[in-house]
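Participant: Sequence first, then the predicted structure, then my questions.
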Amino acid sequence: MSPEKRYPFLVPLLSTLSDKRHRTVMGLFIAAIAVTGQARSIAIATTVARWLGTRLDSALNRFYRLLRNHRVEYLEFTAQWARLLVRGPGRHLTIAIDWTEWHSDLRLLVAGVVVGKRGIPLFVQGFEKQVRMRSQNQRENTFLRVLADVLRRAEVTTTILCDRGFRRVSWIKLLQQ
């Protein structure tokens, strides 16, 4: 299966990755997420294992190696993804930010582009579940600063949506900047 042929948007998206192997593996897993319709690692790896004719544990290890790969420029990848998700001449996105639970010991802070009633994940950071409130605020603020930098690099303007869990002065000041 060629992910680029099935999903032509992958060609410009993956162009930011310098290594051909990274482009191939990233395209494979993005296509698997699209086909699977889930963000569960086991479901994604099951789809990839079926496509490649490999064992599930092998596909799962491949997925986790991709996520841990420090040679992939994920922020540049995110900027390219934001450019592709922009609709219309205004280059404006509506982004929802919120926490979600993943596995028993991980929490994810997710920025998703709002499309109709859905959110397409744009930028995600994972943290251990047991976090002091003060350090959680610091992590949220850092997340917003990095996201803003990526969106500036992509030359995209945004409207940020958050729930009441983000109601604090430092967060509002960051949003205004």
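Facilitator: Looks like it came in fine. Numbers count the residues shown, from 1 in each chain.

Participant: counting contacts, what elements does the helix or strand bottoming out on mean pLDDT in the chain pack onto?
Facilitator: Least confident element among the helices and strands of the chain, by mean pLDDT, DSSP states H and E: helix 3-6 (a mean of 80). If you count contacts as 3 or more C-beta pairs under 8 Å, 6 or more residues apart in numbering; DSSP states H and E, helix 3-6 packs onto helix 10-14, helix 20-36. Yep, even glycine has a C-beta here, placed from its N, CA and C like the rest.

Participant: between those helices, which gets the lowest average pLDDT?
Facilitator: Sorting those by mean pLDDT places helix 10-14 lowest, at a mean of 82.

Participant: mind listing what's buried in that one?
Facilitator: For helix 10-14, burial by neighbour count (16 or more other C-beta atoms under 10 Å) applies to 10, 13-14.

Participant: which stretches of the protein aren't confidently modelled?
Facilitator: 1, 87-89, 131-134 (pLDDT under 70).

Participant: Look through it and tell me its longest helix.
Facilitator: Using DSSP state H to define each element, the chain has its longest helix at helix 133-153.

Participant: Please save the CA atoms from that one in CSV.
Facilitator: Taking only C-alpha atoms (Å, rounded to 0.1, in the frame of the first residue of the first chain), the coordinates of helix 133-153 have been written out as CSV:
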residue,chain,number,x,y,z
MET,A,133,-1.0,22.1,39.9
ARG,A,134,1.8,24.7,39.7
SER,A,135,3.8,22.6,37.3
GLN,A,136,0.7,21.8,35.2
ASN,A,137,0.2,25.6,34.7
GLN,A,138,3.8,25.9,33.7
ARG,A,139,3.4,23.0,31.2
GLU,A,140,0.3,24.6,29.7
ASN,A,141,2.0,27.9,29.3
THR,A,142,5.0,26.3,27.7
PHE,A,143,2.7,24.3,25.4
LEU,A,144,0.9,27.5,24.3
ARG,A,145,4.2,29.4,23.7
VAL,A,146,5.5,26.5,21.5
LEU,A,147,2.2,26.3,19.6
ALA,A,148,2.2,30.0,19.0
ASP,A,149,5.8,29.9,17.7
VAL,A,150,4.9,27.0,15.3
LEU,A,151,1.8,28.9,14.0
ARG,A,152,3.9,32.1,13.5
ARG,A,153,6.3,30.0,11.5
